[in-house]
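1. Output the structure for:
(2 chains)
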2 protein chains.
Amino acid sequence: MKPAVVLLSGGLDSSTCLALARSQGFDCHALSFDYGQRQRQELAAAQAVAQTIGVASHRILNLDMRAIGGSALTSDMAVPKHRSADEIGHGIPVTYVPARNTIFLSYALGLAEVLKANDIFIGVNALDYSGYPDCRPAFIQAFQTMANLATAAGVSGQSPMTIHTPLIDMTKAQIVRTALEVGLDIDMTFSCYDPSADGEPCGACDACLLRAKGIAEAQST
Amino acid sequence: MKPAVVLLSGGLDSSTCLALARSQGFDCHALSFDYGQRQRQELAAAQAVAQTIGVASHRILNLDMRAIGGSALTSDMAVPKHRSADEIGHGIPVTYVPARNTIFLSYALGLAEVLKANDIFIGVNALDYSGYPDCRPAFIQAFQTMANLATAAGVSGQSPMTIHTPLIDMTKAQIVRTALEVGLDIDMTFSCYDPSADGEPCGACDACLLRAKGIAEAQST
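-> Just a heads-up that it's a prediction; the model follows:
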């Protein structure tokens, strides 16, 4: 089996991405981050999902992103609630964490190089999403180009690195259907940006609204 | 004064880069990393250099890079010593830290976005260097392209990010002369990869050899 590094937040998208990579026969090394996010429940979800799907390894790295700040997810800024479908995906909301996917993919790149893996999976989605710039296909393509110049494999010209984004063009409903097809128990995943103190999803942030919409649409078709 | 983020290890090159950015009138926000490197003395040097040059801020972020490993700088692998001038710069030595500059630049990108800075400085050098892939001009160019797709500024098309590499084409002797021209006390900087327990440079790793060569050549011309 070919080794792959899979970024795993514990949310619906990244968990589906991991289940897909596994179903395609990759030996998956999951990588999660404790970056000071307010939605810490996702890390427990990531552990449960990784264990259930079956991974070769699962690392949770501590990152000092509150020292940079600039986001509602890593500071005391309020998370926007009850935004309409028209609002979500238009403009960049305050839940955007500056350079987060760039930082996460950079760690994945380092780990892939150490593990001699040529494949990195990230569950970004550019359709039913919050409008973050670092979820778009043009960003992923540019990261892949950069990655192949950054590494020893890039110098040798052998073993180019591929960034896989199997969910990037899917609607949330398609992601839910895909998750079910590959046998993921989506109740194990956790998507909320702003859970209550006892860990319950708020039901009103972009992530909760997009998730609910996807599940409703998947059930109605 | 325009704000800039400057990566600062505390070594000769990054310290010279910071002094240059300052001399060019940038309001410098220095960024250092405690990433489990064996050469921890460089962090004290970074603090002293930042304070002496005068920076708007200096952050030292904790990064979990030993969890990735794969380098003599972040593991128990031996640091190569007494390599010849022919050996240094040919092939990638075990002191290469997979994706390190990609990770460092990614944090710099996040901080730049939060500070509304459009300029990032990194003291990479592709002439008198250890042969690391992520010091080459092609890598820096690709990172800049990616950075301008990763960020909110990239989406708006306004305020593109520039990665400055003022030392990239210099010999080590030219870097030493530049440092002296901008008034940097190079004795404050610390370059060794493998210092003794009491913090003395080993005098035999690539970094020590390149530094000594640069100082000798700068003095003889």
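
2. at contact distance from chain B, anything in the longest strand along chain A?
-> Longest strand of chain A, by residue count under DSSP state E: strand A:27-34. No. Judged by C-beta under 8 Å from any C-beta of the partner chain, strand A:27-34 makes no contact with chain B; its nearest approach is 9.0 Å. C-beta: built from backbone N, CA, C; applies to glycine.

3. Return the set of buried residues in that strand.
-> Burial within strand A:27-34, assessed by neighbour count using 16 or more other C-beta atoms under 10 Å in any protein chain shown, is assigned to A:27-33.

4. ok but residue A:214 is inside a helix, no?
-> Yes. Judged by DSSP: H, G, I helix; E, B strand; the rest coil, residue A:214 forms part of a helix.

5. Can you tell me how far it is from chain B?
-> In this view, residue A:214 and chain B are 24 Å apart by C-beta to the nearest C-beta, to the nearest Å.

6. And the pLDDT at that residue?
-> Residue A:214 carries a pLDDT score of 92 in this model.

7. Which helix or strand lies directly C-terminal to the longest strand of chain A?
-> helix A:41-53 (DSSP states H and E).

8. Closest one to residue A:62 out of the buried residues of strand A:27-34, please.
-> residue A:33 (7.8 Å; C-beta to C-beta).

9. Make sure the closest one is actually in contact with residue A:101.
-> No. If you go by C-beta atoms under 8 Å, residue A:33 and residue A:101 don't touch, sitting 10.9 Å apart.

10. coming back round to it: lowest-confidence member of the buried residues of strand A:27-34, which is it?
-> Out of these, that is residue A:33, at 94.

11. That one and residue A:72, how far apart?
-> 17 Å (C-beta to C-beta, to the nearest Å).

12. Kindly report the same for residue A:125.
-> 20 Å.

13. So if I had to pick from those two, which one is more boxed in?
-> The neighbour count for residue A:125 versus residue A:72, taken as other C-beta atoms under 10 Å in any protein chain shown, is higher for residue A:125 (26 against 19).

14. Is the helix or strand bottoming out on mean pLDDT in chain A in proximity to chain B?
-> Within chain A, confidence by mean pLDDT, DSSP states H and E is lowest for helix A:152-156 among all helices and strands, at a mean of 73. Yes. Using C-beta under 8 Å from any C-beta, we find that helix A:152-156 touches chain B at A:152, A:154-155.

15. do the same with stretch A:65-81
-> Yes. Counting by C-beta under 8 Å from any C-beta, chain B is contacted by stretch A:65-81 at A:65, A:67-70.
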